[in-house]
Structure formats: structure tokens, C-alpha cells
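In: based on what follows, work out the 3D shape:
(2 chains)
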Amino acid sequence: MQLKHQKDFFSGLLFMATGLGFAWSASRYTVGTASHMGPGFFPLLLGALLTILGGVIVYKSLLFETEDGGRIGPWAWRPVIYVVLANLSFGVLIGGLSSIGLPPMGLVAAIGVLTVVAARAGTEFRWKEVLALALILAAGSYVTFVLLLKLQLPVWPAFAGG
Amino acid sequence: MELLSNLTLGFGVAFTPMNLLYALVGCLLGTLIGVLPGIGPIATIAMLLPATYALPPVSALIMLAGIYYGAQYGGSTTAILVNLPGESSSVVTCIDGYQMARMGRAGPALAAAGLGSFFAGCVGTLVLAAFAPVLTDLALQFGPAEYFSLMILGLIGAVVLAAGSLLKAIAMVVLGLLLGLVGTDVNSGVVRFAFDMPELTDGIGFVAIAMGVFGYGEIIANLAQPEHARQVFTSKVQGLWPTRQDFKDMTPAVLRGTTLGALLGILPGGGALLASFASYALEKKIPSKPGEVEFGKGNIRGVAAPESANNAGAQTSFIPLLTLGIPSNAVMALMVGAMMLHNVQPGPQVMTVNPELFWGLIASMWIGNLMLVVLNLPLIGMWIKLLSVPYRWLFPAIVLFCAMGVYTTNHSVFDIWLVALFGFIGYVFHKLDLEPAPLLLGFILGPMMEEYLRRALLLSRGDWSVLVTRPLSAGLLAAALVMVALVFLPAVKSRRAEAFVEE
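Out: Prediction:
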């Protein structure tokens, strides 16, 4: 079988899978009747609708010819990985990770690591620039969030008495 | 003269030094993000939500609204000078605006955009002030069935008027509705779809979704593309004032753009983007006078009309939000979220319970528009300098603001993981050509729709026909049906494709 539109085919599959997932888990809650809707009623309805919509999208993607075949094209893994990684390391550093015994490291460390990791996502990476940027962002965030907005944020690592 | 006394009340609220300051901050920030490509108003408003916690609700909303219409101004500046639409609503402004800049007429183009926008903003504010009470009266007659049908109409309107595949957009709405249901069901207290994660009992934070899909998703998509060679016409910005002939040409275009924009803004799903496209298409249909520059070669009407229209649309799209509590586009969906964070329940009761907030917000919009004209024309040089900031400095900062913003919303590290997840999902959406805005709308409306449907069916004892037997509800559903049917008419179908391809 030939895919006529790659993007639509996979979009449809995604919708069908999500729709089925929601509908199936909704059916495990009390569904009830229309006059007394249980917690499962509306999600079951929507899940079924999403599955049907996904099915129609898949069906059309197999049937109708398109000019470019709707190719998805190559994935930009580099930005995906580094942006997500930057975000995750920010979370780990600011909140700490009790499972490996890491205490909260505070705002400054979290911003520094986030900036360096995120900058890796780009095509150009210059240490000097990135470090300067990290410094500016850390100072700026400190002034805005801690001094001006007075948010309760750990600024320095917990063991440093911050 | 109730309108007058209402506006007086509003200006009294808006003219306090604090609120003027927040309007100014909002406008400046909005212009800034409008100028900078790669970050839109949705991500910015989401990022700034936590910063508004400490403010009174009126000031918070005034600032957030300022960001929204400030972004329209900023977007047009880059569209004209660099051929790079800062916002999607200024895509059409690129066509003639950039050509004018290439001919050394960047000044008049910018002035036409600024003055047109200001005029449209004034009219939009008046329309808002005049129509809101009328619609509010109507809204008070709405029962649950009407609200449910209205939301259907709003969601259908949002996807019909958007670009791209209708089927995929509807699927995105449904997906958004489902995501909105995650968390505790208010009626039964059952926690749904939480996978036993205690953090999900309150539902998925909409800030996390908005930042992930719009913030991170956009960054990743931007980085995946090679950097554009940007050519800035900085040296040529001189002689800001349009000639007398320019004024003659642009005045009717501004009037037409404003009218069209104000009308389209009220429609569910309307707003700035649609307004600008439609008004450019309209200007092209109107025969040119002899001696006038062709469209696409730097016609001032091609700048003035869409810019007026998008600003008028931006103003009037507040009408459904403030009167019915129904957001008509993704930015308005965020405003609903902002109101709820400040314990203001959006809907017809806002005007009666909270008149200071209601009229203060409206008055501040007019002030904001004035500020934008006064500030932006002289500040253009500064905004242009910002454009030369390379993206490789910009995007780590955006990543940081998103992470900070979502963390400070609830002080929850779990939300940071959610942003990462939705960032990846946002990129998947981008790769699959799935428009994320309908998802956000659905997400906001999901729990409300369920509640209204439940109440409507409870009152009718499970009889679904209540949705079509009550005249108002039937009318709203019929309107939704007509909208869908229109899309499938061959004439409209090809027009719609044409309107969104023009570039």
C-alpha cells in the first residue's frame, strides 16, 4: 500500500491512538446515562469522536493523491534533544533530585547550566558568548524575580546557606 | 448616556499612575516580542502570567492586553523593514510594506501602519464599549444548552477560519478538549486520566501546555531551519510623514480595513490574523486609481488596510471574551486563564460584578493604542537595532523564560517536566502540519463544555433534542453548520486556499 500523504497518515494514527486510549480509560470510570452523566461519559464521547476523525484522516491519506506526498522530512534531533535536556537540567537543579540525593542547587546554577545546554542546540556555539549570556540572564533573573517580584526562590545551593 | 458614564468610570481606573505604568510595560513588551521573530504573544503572555500574580487583577489584565496589541504593532515594523512578519497577523503587510521600504519609503509605510492602527484601535474600543452591554443582556438569557451550542459555534468558527486542513483542526480541538478533562471531575470528584500522579489531580497546567507547544515547539522548529539572511533597511528610514497623496490613498483603505476588522474580530474564531488577510484581499479587489502603484509593488493601501484591520480585530475579539466568557482565539484563551488565576470568572457577570475591571480594561486599550503611536514612531530606530540581535543569543533566553515562568506559576518541578514533554509534542505537531492554536482553545473550553452539556441534559432528562428545540441554541448550532458547509462549497474552498497562500 502506498502512502499518499505521509504527514496526514501519521497525524491520523496519532489521533486514533490517543482517541482509543482516552475512550478506553474513560469506559473504566462510571459512564452513566445522558440525564445523569458520569465522569466517563463526556471523555468516552470525545475519545470515540477523535478515533473516528483520526480514521477518516488516515483513510484520506491513503486514497487521495497529493503533489509532494506530504513528506515529513528529516527530524531536527539536535535542537529537540538539547532544548528538552536544558529544560530538564533546570528542573533537576532548581528542585533537586531526591532519588540520587542531589539537593536543590539554586537559581544561579540552574540558569548557568540551562543556558549552556540550550545554546548547544544552535548551529554556532562560542564559549565566551554563551558564558556572558548565562551571566546576564542569571543577574537579570535575580533582579526581576527575587528582588522585584519577591518570589521565594533558592538562589544558591542549599548547602551554601542560600 | 450610559456609555459616557461607563467610559468615565473606565478612564478613572485606567488613569491611575500604576495602571498607566502597567499598560506602558505591556505595550513595550508586546512591541518587543512583536519585533523579535520566533516568539509570539501566546508564549509571552504565558511566561508573564506568574509575574502578574502580585498585581491586582485589573492591572494584570491591562498589562496582558497591552502585550497582545503591542505585538501587532511590533510585528508590522519588522514586516515592513525586514520582510519578516514578527507576528502571523502581519504576514500580508510584508507584501507591499517591504516593497515600499525598498523604494526608500519605509517612513510613510511605518506611519501608515501606525496611524491606521491607532484609528482602528479607537474605533475598536468604541465598538467594544457600545456592544458589550448589549451582548451581555443577551448572554443573561442563555441557559446551559445555549452555552454548549455557543462553544460549539466558537470552536467550529476558530477552525473554519484558520488555515490548513479542517479535519485535522477539528481533531486538534477534540484532543484539546480531552486534555482539558484531565484531573478531578468537579461533579463526581473522580480523578481522571491522571495515571496515579498526584500532580495531575488539578489537571494539566495550561501554562505548561502553552509554553511547551508554543514556546519550545517554536524554538525547535526555528532552529531546524537555516538562518535567513536578513537585510535591514535601517539607513533608509527618513521622512516619516506620508505625503498628501499618501493620505488621500490610505484614508479610505483605513476605513475599510477598520470596518472589516471590527466585524471579523467579533466572530468566534476571528481576530487579528483573519482580519488582515481578508482586508488585503478586499483592497486588491477595489480598482486602483490611475497612477497608483500596483499591489505587490509597494502600494500604501496594501499596508494601511491590513494593519488597521488586524488592530480593529484584536480589539473586538475581546467582546466574546468579556461578555460571554468564551475565548475566540488562543490569546483570548490565555486571557481566560489569566482571569481565572485572579479569581475572576469570565462571563456576562463580569460587567455587573466587576465594573471597574471591565471598563478599566476597555479604557486602557485606548490609552495603550495612543501610547503605541507616540512611542513607536520615535522608537523605531531602537526596535531595528534589536533585530540585529542574533537568534543564538535569543533562544537560550526564551528557553529560560519558559522554564522560569512555568516553575514560578506553581513552584512545581513537575510542571517543568510537563513543558519538556509538550515541547517535544509541539515539534511533532509542527512536523505533521498540525495547528496548535485550536488545541489550546479546546483545552480551555473542555471542562466548561462538559459542565454545560451535563446541566443541559440533566434539565431535559437526557433528551438530546434540547440542543435544537430551544430557539437560541438551535440558531447557534445552525450557524456552526452553515460555517462548515461554506467551507465545502467549491468556490469558497478555492478562495480559502488562495487567501492563505498569497505571499
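In: show me the helices in chain A, by range?
Out: When assigned using DSSP state H, the helices of chain A occupy the ranges A:6-26, A:41-63, A:77-95, A:106-119, A:127-141.
In: most packed of those?
Out: Mean neighbour counts were taken over the helices of chain A using mean count of other Cβ atoms under 10 Å in any protein chain shown, and the top value, a mean of 23, falls to helix A:106-119. (Each C-beta comes from the backbone N, C-alpha and C, glycine too.)
In: what distance separates that one from the centre of its chain?
Out: 18 Å (Cα atoms, centre = their mean, to the nearest Å).
In: just checking, what packs against that helix?
Out: Applying 3 or more Cβ pairs under 8 Å, 6 or more residues apart in numbering or on different chains; DSSP states H and E, one finds that helix A:106-119 makes contact with helix A:77-95, helix A:127-141, helix B:391-410.
In: can I get those in TSV with distance to residue B:348 and mean pLDDT?
Out: Conversion of those to TSV gives the following (distance: least, Cβ to Cβ, whole Å; pLDDT from 0 to 100):
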stretch	distance to residue B:348	mean pLDDT
helix A:77-95	40	89
helix A:127-141	40	90
helix B:391-410	28	83
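In: got those helices as a markdown table, with distance to residue B:138 columns?
Out: Compiled in a markdown table, the helices and strands packed on helix A:106-119 are given as follows (distance: least, Cβ to Cβ, whole Å):
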| stretch | distance to residue B:138 |
| --- | --- |
| helix A:77-95 | 45 |
| helix A:127-141 | 46 |
| helix B:391-410 | 35 |
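In: of those, which approaches residue B:301 most closely?
Out: In this view, the helices and strands packed on helix A:106-119 are compared for proximity to residue B:301 by Cβ to Cβ, and helix B:391-410 is the closest at 33.0 Å.
In: related to what we said a few turns ago, out of the helices of chain A, flag the one nearest residue B:484.
Out: Among the helices of chain A, if distance is taken as Cβ to Cβ, the winner is helix A:41-63, at 13.4 Å.
In: residues near residue 122, how many?
Out: In the absence of a named chain, this looks at chain A. Residues contacting residue A:122 under the criterion other Cβ atoms under 10 Å in any protein chain shown number 22.
In: oops, I was thinking of chain B
Out: Burial of residue B:122 is recorded as 18 neighbouring residues (other Cβ under 10 Å).
In: also the one 4 residues further on?
Out: By the other Cβ under 10 Å criterion, the neighbourhood of residue B:126 contains 16 residues.
In: equivalent analysis for residue B:176, please.
Out: Quick note: residue B:176 (other Cβ under 10 Å) scores 24 neighbours.
In: what of residue A:36?
Out: 14.
In: coming back round to it: closest one to residue B:178 among the helices and strands packed on helix A:106-119?
Out: Smallest distance to residue B:178 across the helices and strands packed on helix A:106-119 (Cβ to Cβ): 21.4 Å, for helix B:391-410.
In: next, the angle from the closest one to helix A:127-141.
Out: Using axes from the mean of the first three to the mean of the last three Cα atoms, to 10 degrees, the interaxial angle of helix B:391-410 with respect to helix A:127-141 works out to 30 degrees.
In: okay, angle between helix B:391-410 and helix A:77-95 too, please.
Out: With the same axes, to 10 degrees as the basis, helix B:391-410 and helix A:77-95 are set at 40 degrees to each other.
In: immediately after helix B:391-410, which helix or strand?
Out: Note on helix B:391-410: by DSSP states H and E, the next helix or strand toward the C-terminus is helix B:413-431.
In: ok now do the residue minimising distance to the centre of chain B, which residues does it touch?
Out: Centroid check for chain B by Cα atoms, centre = their mean gives residue B:331 as the closest residue, at 4.2 Å. Going by Cβ atoms under 8 Å, 6 or more residues apart in numbering or on different chains, residue B:331 touches B:41, B:42, B:45, B:68, B:271, B:317.
In: any stretches of the chain with poor pLDDT?
Out: I went with chain A, as the question did not name one. In the predicted model of chain A, residues A:1-2, A:160-162 satisfy pLDDT under 70.
In: meant chain B actually
Out: Counting by pLDDT under 70, the ranges of chain B that qualify are B:1, B:37-39, B:84-88, B:161-163, B:226-240, B:268-271, B:387, B:490-503.
In: identify the residues contacting residue 120.
Out: By default, I'm working from chain A. Contacts of residue A:120 by Cβ under 8 Å, 6+ apart are A:78, A:82, A:86.
In: oops, chain B please
Out: In this structure, residue B:120 makes contact with B:254, B:257, B:258, B:261, B:262, B:307, B:308, B:309, B:311, B:312, B:315, judged by Cβ under 8 Å, 6+ apart.
In: from residue B:116, how far off is the third one?
Out: Right, the one you point to is residue B:258. Plainly put, residue B:258 is 8 Å away from residue B:116 if you go by Cβ to Cβ, to the nearest Å.
In: returning to that earlier point: between the contacts of residue A:120, which is nearest residue B:468?
Out: Where the contacts of residue A:120 are concerned, and distances follow Cβ to Cβ, residue B:468 has its nearest neighbour in residue A:86, at 51.6 Å.
In: would you agree that closest one is in contact with residue A:118?
Out: Yes. Counting by Cβ atoms under 8 Å, residue A:86 touches residue A:118, with 3.8 Å between them.
In: common neighbours of these two, please.
Out: Listed as contacting both residue A:86 and residue A:118 by Cβ under 8 Å, 6+ apart are B:396, B:399.
In: and chain A, is stretch B:133-152 touching that?
Out: No. Contact between stretch B:133-152 and chain A is absent, the nearest approach being 11.0 Å (criterion: Cβ under 8 Å from any Cβ of the partner chain).
In: related to what we said a few turns ago, quick one: closest of the helices and strands packed on helix A:106-119 to residue B:22.
Out: Taking Cβ to Cβ as the criterion, helix B:391-410 is the member of these that comes nearest to residue B:22, at 17.7 Å.
In: in the closest one, which residues are buried?
Out: Along helix B:391-410, the positions that meet the burial threshold by neighbour count (16 or more other Cβ atoms under 10 Å in any protein chain shown) are B:391-409.
In: which residues of the stretch 201-350 of chain B fall in helices?
Out: Remark: helices of the stretch 201-350 of chain B, listed N- to C-terminal, are B:206-210, B:217-223, B:244-266, B:272-285, B:301-316, B:318-324, B:330-341, B:349-353; assignment by DSSP state H, counting those that start in this stretch.
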